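S.K.: Model the structure of this input:
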Amino acid sequence: MTPALSVWMDLCRVLAALAVYVGHSSLLLVAPEGVSATWQRSADDAVTAFFVISGIVIAHTSRQRLDAGGAGHYALARLSRVYSVAIPAVLFALAVDLIGMRWDPSLYVVDWQYPRLWLHLPFHWLFLGETWFGAIQPLSMAPYWSLGYEVWYYVLFGCLLYLQGRTRQRVVVVVLLIMGPRILLLWPVWWLGVVLYRRMDRLRVTRAWAWAFMLAAMLGYGVFFLSGLRAETDAASKALYAWISRGLPSPFDPGSTVHVLSDYVMALLFALFVVGAAHCGWSFGDRGARAIRFLAGFTFTFYLIHYTLLLCAQAMGFGAPSWGIYFVTFLVVCFFTWVVAQVGELRRDRYRQWLRALARRLAPE
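M.R.: Purely as a prediction, here's the structure:
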């Protein structure tokens, strides 16, 4: 991955996180009336982009660690990356939920989880909420669903990459059985990122064509977003679920994968944009690249906690606010993102060192 493409991916992460925020604020009715309800689907489309980016990043970092230390380094990197955010974010959500429930407990439909946190928190930190149990997110953390997909993609990819022979076959079968059909439905979206990374160097795209690809991807998304094409692919997704249900004793529940074929279209459009970005020759300059990397360093935390804070704002009565209040709410979310990141996302290298030291104690060479 070239430095320029890395910056482009970071910029896409920032923009995708903002799109998710706008979509969810519209969904929770804590956005100004001028924010159209059509923005709600932008959140789903942005998560699809996140999956493609994740596949690209994991393919890149795993190639580096394949030379530097293999499966152990891969596992440590993934564990420190995920848990440095998942643990503090869930605990933060618990604290915010307890505040929001004092204002309007009716908004917290997962109140059955709070009395048995000793059971539900470990369940979610094992990322089992999107497997065979159905779509179950921790507390008010609706965006956590995608982490329940992505972590299992990490596991499956690691098994395919680092294991060999019959051991790989058996372990992969076990992982697939744990994942279940819902998570597998979006596996092609994530894997598309891996394929893109592996084929990027082989592509010969001129700068003119690169910019044309990027423009075509954006125009294509606009057409898909505003025309009736999305409704048709959504309907086709429902027909696919109905077809799957024919061979099952009960109707197939897609869980959080509610419009898989639309997600496939979005993934292909974003892949076209990535190909263009990789060859367009635009590098943003040193200052621009530093600013983008700085903001991208908070996107994981922002993504996980923003919904909880917006729900709390709804509980406190901030419905259909003015643009000024909406901007202040956004700043508040950014502030708490910075606070949580101080003990989480920004400390992942330190946590990786602790995990490495623990692994050496448990399995000394």
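
S.K.: Neighbours of Arg246, how many?
M.R.: By the criterion of other CB atoms under 10 Å, Arg246 has 8 neighbours. In this view, the C-beta of every residue, glycine as well, is placed from N, C-alpha and C.

S.K.: Where does Val35 sit: helix, strand or coil?
M.R.: Put simply, Val35 is coil when judged by DSSP: H, G, I helix; E, B strand; the rest coil.

S.K.: now swap in Phe302 and tell me
M.R.: Assignment for Phe302 (three-state DSSP): helix.

S.K.: swap in the one 4 residues further on?
M.R.: Secondary structure, three-state DSSP: His306 is helix.

S.K.: Report pLDDT for it.
M.R.: pLDDT recorded at His306 is 96.

S.K.: repeat for Trp39
M.R.: In this prediction Trp39 is given a pLDDT of 73.

S.K.: quick one: it from Asp97, how far?
M.R.: Distance of Trp39 to Asp97, given as CB to CB, to the nearest Å: 25 Å.

S.K.: Please compare these two by neighbour count and tell me which comes out ahead.
M.R.: Neighbour tally, Trp39 and Asp97, criterion other CB under 10 Å: the higher count belongs to Asp97, 25 against 18.

S.K.: Just list the residues touching that one, thanks.
M.R.: Counting by CB atoms under 8 Å, 6 or more residues apart in numbering, Asp97 makes contact with Tyr108, Tyr114, Leu139, Ser140, Thr308, Leu311, Cys312.

S.K.: Can you show me the CA trace of the helix or strand of the chain with the lowest mean pLDDT as PDB?
M.R.: Least confident helix or strand, the chain: helix 348-362 with a mean of 77, by mean pLDDT, DSSP states H and E. The C-alpha trace of helix 348-362 is given here as PDB (Å, rounded to 0.1, in the frame of the first residue of the first chain):
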ATOM      1  CA  ARG A 348      -3.300   0.100  21.700                       C
ATOM      2  CA  ASP A 349       0.500  -0.200  21.200                       C
ATOM      3  CA  ARG A 350       0.900  -0.300  25.000                       C
ATOM      4  CA  TYR A 351      -1.800  -2.900  25.300                       C
ATOM      5  CA  ARG A 352      -0.100  -4.900  22.600                       C
ATOM      6  CA  GLN A 353       3.100  -4.900  24.600                       C
ATOM      7  CA  TRP A 354       1.200  -6.100  27.700                       C
ATOM      8  CA  LEU A 355      -0.400  -8.900  25.700                       C
ATOM      9  CA  ARG A 356       3.000 -10.000  24.300                       C
ATOM     10  CA  ALA A 357       4.400 -10.100  27.800                       C
ATOM     11  CA  LEU A 358       1.500 -12.100  29.000                       C
ATOM     12  CA  ALA A 359       1.800 -14.500  26.100                       C
ATOM     13  CA  ARG A 360       5.500 -15.100  26.900                       C
ATOM     14  CA  ARG A 361       4.700 -15.900  30.500                       C
ATOM     15  CA  LEU A 362       1.900 -18.300  29.600                       C
END
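
S.K.: And it, what does it pack against?
M.R.: Applying 3 or more CB pairs under 8 Å, 6 or more residues apart in numbering; DSSP states H and E, one finds that helix 348-362 makes contact with helix 71-103.

S.K.: Buried residues of the helix it packs on, list them for me.
M.R.: 73-86, 88-94, 96-97, 100-101 (16 or more other CB atoms under 10 Å).

S.K.: any low-confidence regions in this structure?
M.R.: The chain contains residues with pLDDT under 70 at 37-38, 64-69, 362-365.

S.K.: where along it do the helices fall?
M.R.: For the chain, the helices defined by DSSP state H occupy 3-27, 40-68, 71-103, 117-125, 145-162, 165-185, 187-200, 207-226, 229-246, 260-279, 285-296, 299-315, 323-343, 348-362.

S.K.: can you redo those helices as JSON lines with distance to Gly134?
M.R.: Listed next are these as JSON lines, based on distance: least, CB to CB, whole Å:
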{"stretch": "helix 3-27", "distance to Gly134": "20"}
{"stretch": "helix 40-68", "distance to Gly134": "18"}
{"stretch": "helix 71-103", "distance to Gly134": "19"}
{"stretch": "helix 117-125", "distance to Gly134": "12"}
{"stretch": "helix 145-162", "distance to Gly134": "11"}
{"stretch": "helix 165-185", "distance to Gly134": "9"}
{"stretch": "helix 187-200", "distance to Gly134": "18"}
{"stretch": "helix 207-226", "distance to Gly134": "29"}
{"stretch": "helix 229-246", "distance to Gly134": "14"}
{"stretch": "helix 260-279", "distance to Gly134": "16"}
{"stretch": "helix 285-296", "distance to Gly134": "32"}
{"stretch": "helix 299-315", "distance to Gly134": "19"}
{"stretch": "helix 323-343", "distance to Gly134": "28"}
{"stretch": "helix 348-362", "distance to Gly134": "30"}
